[in-house]
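Colleague: Give the three-dimensional model of this entry:
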Amino acid sequence: MASALEWVPDSLYNTAITTVVTHYSKNRKELRTLPDEVQFDIYYKLYNKGRLCQLGMEFSELDIFAKALNVIEKRHLLHHCFQALMDHGVKVSEILSDSYSQHCALISPLCPTYDKVIYLGLSLGSFLQEAGWYLAADNVIVSCLELTKQSDTLFHTTKALDCYIRLIHLRITNCKYEQVDRLVNEADHYISRLSSLGQTVHRSPFYKEMSSLFFSKSVYDEAYRFCCLALEEIKQQPIQLPVKMVIDVLRQCSKACVYKRYFKKAEVLMKHAVQLARENYGAKHPKYSDTLIDYGFYLLNVDQVHDSVQVYQTALDIRQSVFGGNNLHVAIAHEDLAYSTYVNEYSSGKFNDAREHAEKAIQIITSLLPEDHLLRASSKRVKALILEEIAIDSNNKELENCLLEESQDLHLTSLALAKQTFGESNVQTAKHYGNLGRLFQTMRKYQNAEEMHLKAISIKEQLLGCDDYEVALSIGHLASLYNYDMGKHTEAEQLYLRSIQIGKNLFGPGYSGLEYDYRGLIKLYQILEHRDKVLQYQAILHQWNLLRDQQKQSQTKPFEFELLSVCDTREIIEVFFSLQ
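Modeller: Residues are numbered from 1 along each chain as shown. This next block holds a predicted model:
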């Protein structure tokens, strides 16, 4: 059963814990003989009392923290303590990481604690990764890997593979893509080695990481192929994966389906992942918030923008309650909420909330990550989009120019980081070109705007095909430039019609993005004095508004979705493969 975030022990027990904490200095040595669960409750009481110096002294000792890690059902409470220490200036992530690495240097396969130290490395590395301290987690898993490789038994070979897969995950998450290829080859070698020894290997975690890697590189066909392999492995293997890994596989596969525009498949996987996370971890656990982040991504991409805002807000609330404020996971949730709020309020022009979340994300990321980290590019891109819209609505010319210049600086920095990481041929790079195109149009740099939009379209068509949603966005923006500012009405008309057709094919006639194309065409035909066409598209826009109203009335709340009658993961996967 999942633990509630609010910890309320038995009153007599709580009184005893409070008494021990009151006389903590006198009893410190004796406390280490108590059961792990009791020690944990004492440390959590220290945290509640604000005695962070004493707590930091304890948690800086590897043996003490290892006992706290053993109390798995209160892991989210351990995150409270850990983040409080980091915020207090106790670099406990580095201290524990360095301590573990030094300990590994003293251990050999002949030591009686050899296996215990390996298990500790996997547990500590997993915790640090969950907490968002990727460099420390990386250091721990590398040390654990080197330890496992000192023995060639079947057990230790299996643990070495586990380490490789964890390292792949860490470096993808931390945007260190250039360091992943060697690890992939090593992991593949270990899988082959174990198979040759007759060991059954569950390849699903490896396939999931491969899908994530190709997803990051915008190679969506390969991302989807590996997602299918991961799901097939879960369906066929007699060995049952831990529920945490099953949830992570479902999340990644849903994301891959979204970018292939297989929305029904994405929905089946994502809603099952949300259900599993809530049932197994509870509604206030970090794993549930991770799942909601991906659920919000799905909703945003299927044009349920208002719902995505609610889901992202819930995810942020959970992460703030667990990790506090100055944490990478919290920053990412702020950024996702900023973007979805920006999209949701695009027609209203109310961007204050979106700007606040974007600036919080940048503030946290700037304090935690180096200047050349890719996550800085993503958060700056979101803020730049918001500033541009605020500038457009501003009546103060000086303020408008100031905001546009800041937006340009943010976009150019983001583009440089994206190109440095991914190169030219990547969807993220193309998005930055498209964003610059829109900005240059606002700044009345029309030739520059056209150049940026054409680059974005070229890259997106090459990677996604000519009929993709991202392509429709870019050609719609280019149509707007031609229509409103460059007088290229014939070209604009063809682009608008193409954008409309793609949008309707993907999302149906009630797709929200159609409004801007319809209004653009009405304006265009008014300029060309094509009265019949003006009346035709005014009627179409009116029908679109009616359809949008109907859709809003019929939509269910994002957390009240109907689940399929089947609840078993293998049956869900069968449904996935049956969908077209």
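Colleague: What strand or helix carries residue 325?
Modeller: Take DSSP states H and E as the rule and residue 325 turns out to sit in neither a helix nor a strand.
Colleague: Tell me how many other residues crowd it.
Modeller: Counted with other C-beta atoms under 10 Å, the burial measure for residue 325 works out to 14 neighbours. All C-beta spots, glycine's among them, are computed from the backbone N, C-alpha and C.
Colleague: so what's it up against?
Modeller: Contacts of residue 325 were listed using C-beta atoms under 8 Å, 6 or more residues apart in numbering, and they are 87, 364.
Colleague: And residue 239, by the same measure?
Modeller: Residues in contact with residue 239 (C-beta under 8 Å, 6+ apart) are 200, 202.
Colleague: and what of the one 5 residues further on?
Modeller: Listed by C-beta under 8 Å, 6+ apart, the contact partners of residue 244 are residue 287.
Colleague: Next up, phi/psi of it, please.
Modeller: Recorded main-chain torsions at residue 244 are phi -60, psi -40, according to degrees, to the nearest 10.
Colleague: Ok, residue 467 next?
Modeller: With angles defined as degrees, to the nearest 10, residue 467 sits at phi -120, psi 30.
Colleague: how about the helices in the stretch 51-200 of the chain?
Modeller: In the stretch 51-200 of the chain, the segments counted as helices under DSSP state H, counting those that start in this stretch are 52-59, 62-70, 75-87, 92-105, 114-130, 134-148, 154-173, 180-196.
Colleague: wait, which of the ones you listed is closest to residue 491?
Modeller: Ranking the helices of the stretch 51-200 of the chain by distance to residue 491, with C-beta to C-beta as the measure, places helix 154-173 first at 40.3 Å.
Colleague: Now do the buried residues in that closest one.
Modeller: 156-157, 159-173 (16 or more other C-beta atoms under 10 Å).
Colleague: cool, stretch 105-113 as well?
Modeller: Using 16+ other C-beta under 10 Å as the burial criterion, the residues of stretch 105-113 that qualify are residue 107.
Colleague: And that stretch, end to end?
Modeller: In terms of C-alpha to C-alpha, to the nearest Å, the two terminal residues of stretch 105-113 are separated by 13 Å.
Colleague: Can you tell me what sits against it?
Modeller: 114, 117, 147, 150, 151, 156.
Colleague: at 6 Å what do you get?
Modeller: Under the contact criterion C-beta atoms under 6 Å, 6 or more residues apart in numbering, stretch 105-113 has outside partners 114, 117, 150, 151.
Colleague: Just the buried ones from those residues?
Modeller: Members of the contacts of stretch 105-113 that pass the buried threshold by neighbour count (16+ other C-beta under 10 Å) are listed as 114, 117, 151.
Colleague: Now flag whichever of those residues is closest to residue 420.
Modeller: Out of the buried ones among the contacts of stretch 105-113, the member with the shortest distance to residue 420 (by C-beta to C-beta) is residue 117, at 37.9 Å.
Colleague: Model confidence at that closest one, what's the number?
Modeller: According to the predicted model, the pLDDT of residue 117 comes to 97.
Colleague: ditto for the one 4 residues further on
Modeller: Among the per-residue scores, residue 121 shows a pLDDT of 97.
Colleague: before we move on, what about residue 357?
Modeller: Looking at residue 357, its pLDDT stands at 97.
Colleague: shouldn't it be in contact with residue 334?
Modeller: Yes: at 4.6 Å, residue 357 and residue 334 qualify as touching, with contact defined as C-beta atoms under 6 Å.
Colleague: got any ranges where this structure has weak pLDDT?
Modeller: 1-10, 561-566 (pLDDT under 70).
Colleague: One more pass at 80, please.
Modeller: Scanning the chain for pLDDT under 80 picks out 1-11, 238-239, 347, 552-556, 560-567, 580.
Colleague: So in it, which helix runs the longest?
Modeller: Of all the segments assigned as helix in the chain under DSSP state H, the longest by residue count is helix 397-422.
Colleague: tell me the angle of whichever helix or strand comes after that helix relative to helix 397-422?
Modeller: Once the chain leaves helix 397-422, the next helix or strand it forms, by DSSP H and E, is helix 427-442. Here helix 427-442 points in a direction 160 degrees away from that of helix 397-422 (axes from the mean of the first three to the mean of the last three C-alpha atoms, to 10 degrees).
Colleague: Show me what helix 427-442 packs onto, helices and strands only.
Modeller: Based on contacts counted as 3 or more C-beta pairs under 6 Å, 6 or more residues apart in numbering; DSSP states H and E, the elements that helix 427-442 packs against are helix 397-422, helix 446-464, helix 469-481.
Colleague: Out of the ones you listed, flag the one nearest residue 103.
Modeller: helix 397-422 (34.2 Å).
Colleague: and the closest one, how far from the chain's centre?
Modeller: For helix 397-422, the separation from the chain centroid amounts to 23 Å (computed by C-alpha atoms, centre = their mean, to the nearest Å).
Colleague: Only the buried residues of that helix, if you could.
Modeller: Judged by neighbour count (16+ other C-beta under 10 Å), helix 397-422 contains these buried residues: 400, 403-404, 407-408, 410-411, 413-415, 417-419, 421-422.
Colleague: one step back: using a markdown table, lay out the helices and strands packed on helix 427-442 together with distance to residue 500.
Modeller: As requested, those are arranged in a markdown table below (distance: least, C-beta to C-beta, whole Å):
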| stretch | distance to residue 500 |
| --- | --- |
| helix 397-422 | 27 |
| helix 446-464 | 16 |
| helix 469-481 | 8 |
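Colleague: Point out the one among those helices that comes closest to residue 300.
Modeller: Nearest to residue 300 among the helices and strands packed on helix 427-442 is helix 469-481 (11.4 Å), distances taken as C-beta to C-beta.
Colleague: Now tell me what touches the closest one from outside.
Modeller: In this structure, residues lying in contact with helix 469-481 by C-beta under 6 Å, 6+ apart are 434, 438, 441, 449, 453, 456-457, 460-461, 464, 492, 495-496, 498-499, 502-503, 506, 517, 520.
Colleague: Could you write me a ChimeraX select line covering just the buried ones among these?
Modeller: Only the buried entries of the contacts of helix 469-481 go into this ChimeraX selection, using 16+ other C-beta under 10 Å:
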select :434,438,441,449,453,456,457,460,461,464,492,495,496,498,499,502,503,506,517,520
